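> Coordinates for the following, if possible.
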Amino acid sequence: MSPTVSVIVTVYNRFELTKRAVESVLAQTQPVSEIVLIDDGSFDGTSELLPQYLAQNPAWRERVRYVHQNNQGPGAARNNGIAQVTGEWLAFIDNDDLWLPQKLEWQFRALDRFRDRCAACISDAWFMNNPLMKMTLFQLAGKQHSETIGMIPDPLKYMLETNSVVGIHPVWLQNVVTRTELARQVGGFDPKLRFGDDDDFAFRLGCETDFCFVNMPMVLIDRTPPAERHVGVNRRWDDEDFRLQMEQYRLEKRLGLKDKFPAEIRKTIQKKLAAVHSGWGNWFLEKEEFDKARQAVAKAAMVYLTPNIAIKWILTRWTPKLARKLVLARAEHRNREHVGIG
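This is a model prediction of the structure:
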């Protein structure tokens, strides 16, 4: 018997792109049971156009449902979808991304091979609409797999310890398939996280199951430069202080799951949290708020002391203007290296 698969599509504006995303799901060689469109308060006419299109399109009416909610963020939208789906398995796609036709077919081949160990599967992906990202997701994350299908026996380490300069792991919602009951068991998405809720969800999945993978790009992920892609409330994602707030909350929450993983994982999380506090130090230095910068770097040192943090603490304490100059120079270099990846 074929598995029943529900797909949640988060919608925020962009009616035409949403149509393309849904069509790519309906075109799967492994058919889906249902597609639930969760419109998170679109304001560009999508909220009127989508229900009309659904009513007029017989191919959609059979398997697509439309749900509208006031804007609450992507996590709340996905939780709304999780509460409504009926399939045994669950997958996600954003409304500006596309699936290749054999995505689910290959992922269920992998899940069938590792059925005794894995309740989640990822695939590789290509990026589109950004000439600076001519690589796959696995390549960007610094992951190399020799097999077409394989297993990730330690998904937490896989996600946390990446060789990528940009610090990105390859478990993204667009390339994940998981058991619906497991998604509910881990609590779905944290609505407090208006950025990074997908990473938080993936980490909690990794606390409960091994992952398997398909070492072929099966998703096209839109990476139009952020200035064009982030609209409405999503423009907040480009603010450094907002990202630091979300990252700090996510990592502190993660440390509260200490019974779910070994000490080495906790150590890695502490390193990342220290880096966030150090990032706050940079943010305050740029604004010439030197007392707050010193406090932030001191917090970083208390969470996890590294030689770099020790040097930064000395600089912020005794020569804060020099520290600021170094931070600005490093930020300029980083921006040149990573334009368009966010």
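> Now the element after the helix or strand of the chain with the lowest mean pLDDT, going C-ward?
Least confident element among the helices and strands of the chain, by mean pLDDT, DSSP states H and E: helix 226-229 (a mean of 57). On the C-terminal side of helix 226-229, the closest following helix or strand by DSSP states H and E is helix 240-255.
> mind listing what's buried in the helix or strand that that next one is followed by?
Where DSSP H and E defines the elements, the next helix or strand beyond helix 240-255 is helix 263-286. Buried positions in helix 263-286, judged by neighbour count with 16 or more other C-beta atoms under 10 Å: 265, 268-269, 272-285. For every residue, glycine as well, the C-beta is placed using N, CA and C.
> And helix 263-286, what does it pack against?
Packing partners of helix 263-286 (3 or more C-beta pairs under 8 Å, 6 or more residues apart in numbering; DSSP states H and E): helix 155-160, helix 240-255, helix 290-303, helix 307-318, helix 320-338.
> Serialize those to JSON lines and add fields for distance to residue 212 and mean neighbour count.
Shown next, in JSON lines, are those (distance: least, C-beta to C-beta, whole Å; neighbours: other C-beta atoms under 10 Å):
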{"stretch": "helix 155-160", "distance to residue 212": "10", "mean neighbour count": "21"}
{"stretch": "helix 240-255", "distance to residue 212": "23", "mean neighbour count": "17"}
{"stretch": "helix 290-303", "distance to residue 212": "34", "mean neighbour count": "19"}
{"stretch": "helix 307-318", "distance to residue 212": "37", "mean neighbour count": "16"}
{"stretch": "helix 320-338", "distance to residue 212": "30", "mean neighbour count": "13"}
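> Would you single out the least confident of the ones you listed?
Among those, helix 320-338 carries the lowest mean pLDDT, a mean of 78.
> quick one: the nearest residue to residue 96 once chain neighbours are set aside from residue 252, how far?
Spatially, and ignoring its direct neighbours in sequence, residue 96 is nearest to residue 222 (4.1 Å; C-beta to C-beta, 6 or more residues apart in numbering). To residue 252, residue 222 is 31 Å away according to C-beta to C-beta, to the nearest Å.
> cool, residue 317 as well?
25 Å.
> Same question for residue 76.
Distance, residue 76 to residue 252, by C-beta to C-beta: 21 Å.
> Show me the domain layout of this structure.
Under the assignment automatic domain parsing, the domains of the chain span 5-229, 239-338.
> Please identify the deepest-packed of those.
Comparing the domains of the chain by mean neighbour count (mean count of other C-beta atoms under 10 Å), domain 5-229 comes out on top with a mean of 19.
> Distance from the chain centre to it, please.
9 Å (C-alpha atoms, centre = their mean, to the nearest Å).
> Let me see the ranges of the helices in the stretch 101-250 of the chain.
103-113, 137-140, 155-160, 180-185, 197-206, 226-229, 240-255 (DSSP state H, counting those that start in this stretch).
> roughly how far apart are the residue nearest to residue 96 and residue 150?
For residue 222 relative to residue 150 (C-beta to C-beta), the value is 27 Å.
> next one: residue 307
In terms of C-beta to C-beta, residue 307 sits 37 Å off from residue 150.
> before we move on, what about residue 27?
Distance of residue 27 to residue 150, given as C-beta to C-beta: 26 Å.
> cool, residue 118 as well?
Counting by C-beta to C-beta - residue 118 and residue 150 are separated by 10 Å.
> who touches both of these two?
110, 212 (C-beta atoms under 8 Å, 6 or more residues apart in numbering).
> Against residue 16, how distant is residue 288?
With C-beta to C-beta as the criterion, residue 288 and residue 16 are 45 Å apart.
> Residue 217: what's it in contact with?
Applying C-beta under 8 Å, 6+ apart to residue 217 gives the contacts 100, 123-126, 136-137.
> Narrow those to those in strands?
If you go by DSSP state E, the contacts of residue 217 have 123-126 in strands.
> nearest to residue 11, of the residues you listed?
residue 125 (20.2 Å; C-beta to C-beta).
> Might one say that the closest one is in contact with residue 216?
No - Residue 125 is beyond contact range of residue 216, at 9.6 Å (criterion: C-beta atoms under 8 Å).
> Please tell me I have it right and residue 171 contacts residue 200.
No - Residue 171 lies out of contact with residue 200 (C-beta under 8 Å); the separation is 11.3 Å.
> what's the spacing between the residue nearest to residue 61 when sequence neighbours are not counted and residue 300?
Nearest residue to residue 61 in three dimensions, chain neighbours excluded: residue 54, at 6.4 Å (C-beta to C-beta, 6+ apart). Remark: distance between residue 54 and residue 300 (C-beta to C-beta) = 50 Å.
> next one: residue 71
Distance of residue 71 to residue 300, computed by C-beta to C-beta: 34 Å.
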